[in-house]
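Novice: how would this look folded up:
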Amino acid sequence: MLQAISLSKSYQSYQALNQLNLTVNPGEVFCLLGQNGAGKTTTINLFLGFIEPSEGKILINNKEIASHDDERRKHLAYIPEVVMLYGNLSALENLDYFSKLAGFNYDNQSLTGFLNRCGLQETAHQKHLSGFSKGMRQKVGIAIALAKNASIILMDEPTSGLDPKATAEFTQLVKQLAAEGKSILMATHDIFNAVNVGSHIGIMKQGELIHTLKASDITAADLQELYLQTI
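Specialist: Numbers count the residues shown, from 1 in each chain. Purely as a prediction, here's the structure:
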């Protein structure tokens, strides 16, 4: 479980995040909507420990995590908008390298299994990532999260720039991860996909979480109207 309690971040007079209270339980996909500068990426960076909070607490599995606590690395995985992997290495080599950084040493059969689970065709396993599409790189990124055995996955605009087919494949994969009990927090601009993949949706404005609702309680059209009224 991932939790923020009265989490705030300020830069002198600028309040990037203000008293955020948010919980993502196992098996949930919490989608954060909001304009650029609303606080979505700040929230993710605070959870990852990239920046320190000005106030508030971050809890992982009901345990408070300090900014420099390596405990979070055991539980968290991060899928950014552009997955930063080594273009001169193959998908298998990237997966092997990042798995070992996390303390896992898998054989080739296990590595192949992770990539297969993420829908990366086997003909691409031995190819360099420099020739991969964004959707293919996202699959390798998720394979790394699986190999790391992360219980919580943070995603920042993961479907940005994906074509409809790749978006559908990614959405199905996220649903599978949630069904396996992963806690997923996703920052996105994609209202339709938020309704499609999310279990819960939050709308942020100027560093505050204005609305929180269940995805099953709202249509994409109604969510769009609420979003436009909010921002």
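Novice: from the contact counts, what lies against the host helix or strand of Gln224?
Specialist: Element membership for Gln224 (DSSP states H and E) is helix 220-230. The contact analysis (3 or more C-beta pairs under 8 Å, 6 or more residues apart in numbering; DSSP states H and E) places helix 220-230 against helix 191-197, strand 200-205, strand 208-214. All C-beta atoms are positioned from the backbone trio N, CA, C, and that covers glycine.
Novice: one more time with 10 Å
Specialist: Packed against helix 220-230 by the contact rule (3 or more C-beta pairs under 10 Å, 6 or more residues apart in numbering; DSSP states H and E) you find strand 29-33, helix 191-197, strand 200-205, strand 208-214.
Novice: what sits up against the helix or strand bottoming out on mean pLDDT in the chain?
Specialist: When the helices and strands of the chain are compared on mean pLDDT, DSSP states H and E, helix 71-75 comes out lowest with a mean of 78. Outside of helix 71-75, the residues within contact range by C-beta atoms under 10 Å, 6 or more residues apart in numbering are 1-2, 47-49, 58, 60-61, 63-66, 101-103, 148-153, 183.
Novice: now list the buried members of those residues.
Specialist: 1-2, 47-49, 58, 60, 65, 148, 150-153, 183 (16 or more other C-beta atoms under 10 Å).
Novice: which of these sits closest to Val82?
Specialist: Set against Val82, the nearest of those by C-beta to C-beta is Leu48 (15.6 Å).
Novice: and the closest residue to that closest one other than its chain neighbours, helix, strand or coil?
Specialist: Once flanking residues are discounted, Leu48 sits nearest to Tyr78: 5.8 Å by C-beta to C-beta, 6 or more residues apart in numbering. Assigned with DSSP: H, G, I helix; E, B strand; the rest coil, Tyr78 falls in the strand class.
Novice: can you tell me which residues contact Tyr78?
Specialist: So Tyr78 contacts 44-45, 47-48, 50, 84, 141, 144-145, 150, 152-156 (C-beta under 10 Å, 6+ apart).
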